[in-house]
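Student: Structure here, sequence nowhere to be found:
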(Lines give C-alpha, C1' and ligand atoms only; values in the text may rest on other atoms or scores of the structure.)
Protein backbone atom coordinates (compact mmCIF):
# COMPACT_ATOMS: atom_id res chain seq x y z
CA UNK A 1 0.00 0.00 0.00
CA UNK A 2 1.33 3.41 -0.94
CA UNK A 3 1.16 5.98 1.81
CA UNK A 4 1.45 9.73 1.63
CA UNK A 5 3.88 11.73 3.76
CA UNK A 6 2.89 11.92 7.40
CA UNK A 7 1.60 15.50 7.17
CA UNK A 8 -0.67 14.49 4.31
CA UNK A 9 -1.71 11.02 5.40
CA UNK A 10 -5.42 10.26 5.56
CA UNK A 11 -5.14 9.47 9.26
CA UNK A 12 -3.49 12.79 10.10
CA UNK A 13 -5.45 14.88 12.54
CA UNK A 14 -6.61 18.33 11.45
CA UNK A 15 -4.11 19.86 13.88
CA UNK A 16 -1.17 18.34 11.96
CA UNK A 17 -2.40 19.47 8.54
CA UNK A 18 -1.75 22.80 6.89
CA UNK A 19 -4.79 25.10 6.80
CA UNK A 20 -5.13 24.53 3.05
CA UNK A 21 -4.94 20.77 3.42
CA UNK A 22 -7.44 20.84 6.26
CA UNK A 23 -9.88 22.80 4.07
CA UNK A 24 -9.32 20.31 1.25
CA UNK A 25 -10.09 17.39 3.58
CA UNK A 26 -13.26 19.09 4.84
CA UNK A 27 -14.42 19.82 1.28
CA UNK A 28 -13.69 16.25 0.17
CA UNK A 29 -15.68 14.86 3.10
CA UNK A 30 -18.54 17.22 2.29
CA UNK A 31 -18.53 16.03 -1.30
CA UNK A 32 -18.50 12.40 -0.17
CA UNK A 33 -21.51 13.10 2.07
CA UNK A 34 -23.35 14.60 -0.92
CA UNK A 35 -22.58 11.53 -3.04
CA UNK A 36 -23.83 9.18 -0.32
CA UNK A 37 -27.01 11.23 0.19
CA UNK A 38 -27.74 11.05 -3.53
CA UNK A 39 -27.16 7.29 -3.55
CA UNK A 40 -29.56 6.82 -0.64
CA UNK A 41 -32.10 9.14 -2.23
CA UNK A 42 -31.96 7.14 -5.47
CA UNK A 43 -32.34 3.88 -3.56
CA UNK A 44 -35.42 5.21 -1.75
CA UNK A 45 -36.96 6.47 -4.99
CA UNK A 46 -36.99 2.91 -6.31
CA UNK A 47 -38.90 1.60 -3.30
CA UNK A 48 -41.91 -0.52 -4.10
CA UNK A 49 -43.63 0.11 -0.76
CA UNK A 50 -47.17 1.37 -0.89
CA UNK A 51 -48.10 4.69 0.69
CA UNK A 52 -49.98 4.06 3.90
CA UNK A 53 -50.69 6.24 6.93
CA UNK A 54 -47.47 4.85 8.44
CA UNK A 55 -45.36 5.74 5.39
CA UNK A 56 -46.48 9.33 4.97
CA UNK A 57 -44.67 12.63 5.29
CA UNK A 58 -43.47 12.07 8.85
CA UNK A 59 -41.70 8.85 7.97
CA UNK A 60 -40.25 10.39 4.83
CA UNK A 61 -38.86 13.30 6.84
CA UNK A 62 -37.38 10.90 9.40
CA UNK A 63 -35.79 8.82 6.64
CA UNK A 64 -34.30 11.93 5.06
CA UNK A 65 -32.82 13.08 8.38
CA UNK A 66 -31.48 9.57 9.05
CA UNK A 67 -29.92 9.38 5.59
CA UNK A 68 -28.30 12.80 6.03
CA UNK A 69 -26.83 11.78 9.38
CA UNK A 70 -25.62 8.46 7.97
CA UNK A 71 -23.99 10.25 5.02
CA UNK A 72 -22.22 12.73 7.31
CA UNK A 73 -20.93 9.98 9.61
CA UNK A 74 -19.83 7.79 6.70
CA UNK A 75 -17.97 10.71 5.10
CA UNK A 76 -16.24 11.66 8.36
CA UNK A 77 -15.09 8.10 9.01
CA UNK A 78 -14.09 7.44 5.40
CA UNK A 79 -16.30 4.37 5.15
CA UNK A 80 -16.73 4.63 1.40
CA UNK A 81 -13.32 6.14 0.61
CA UNK A 82 -14.54 8.81 -1.81
CA UNK A 83 -13.17 11.67 0.30
CA UNK A 84 -9.76 10.05 0.66
CA UNK A 85 -9.49 9.52 -3.10
CA UNK A 86 -10.58 13.07 -3.84
CA UNK A 87 -8.19 14.48 -1.24
CA UNK A 88 -5.25 12.44 -2.56
CA UNK A 89 -5.90 13.57 -6.14
CA UNK A 90 -6.23 17.25 -5.26
CA UNK A 91 -3.50 17.36 -2.59
CA UNK A 92 -0.81 17.47 -5.25
CA UNK A 93 -2.04 20.94 -6.20
CA UNK A 94 -2.14 22.17 -2.61
CA UNK A 95 1.10 20.55 -1.41
CA UNK A 96 2.95 21.09 -4.66
CA UNK A 97 2.36 24.83 -4.77
CA UNK A 98 3.14 25.47 -1.11
CA UNK A 99 -0.47 26.21 -0.31
CA UNK A 100 -2.14 27.90 -3.24
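Tutor: Right, received. Where do you want to start? These figures come from a predicted structure and were not determined experimentally. Residues are numbered from 1 along each chain as shown.

Student: Give the helix, strand or coil label for residue 28.
Tutor: Of the three states, residue 28 takes helix according to DSSP: H, G, I helix; E, B strand; the rest coil.

Student: is it true that it touches residue 90?
Tutor: Yes. With contact defined as C-beta atoms under 8 Å, residue 28 reaches residue 90; the gap is 7.3 Å. No exception for glycine: its C-beta is placed from N, CA and C like everyone else's.

Student: Give me the helices and strands touching the helix or strand residue 71 falls within, please.
Tutor: Using DSSP states H and E, residue 71 sits in helix 57-77. Using 3 or more C-beta pairs under 8 Å, 6 or more residues apart in numbering; DSSP states H and E as the contact test, the elements touching helix 57-77 are helix 19-45.

Student: Specify the angle between the helix it packs on and helix 57-77 in degrees.
Tutor: Angle, helix 19-45 to helix 57-77, by axes from the mean of the first three to the mean of the last three C-alpha atoms, to 10 degrees: 140 degrees.

Student: what is the mean pLDDT for helix 19-45?
Tutor: For helix 19-45, the mean per-residue pLDDT is 91.
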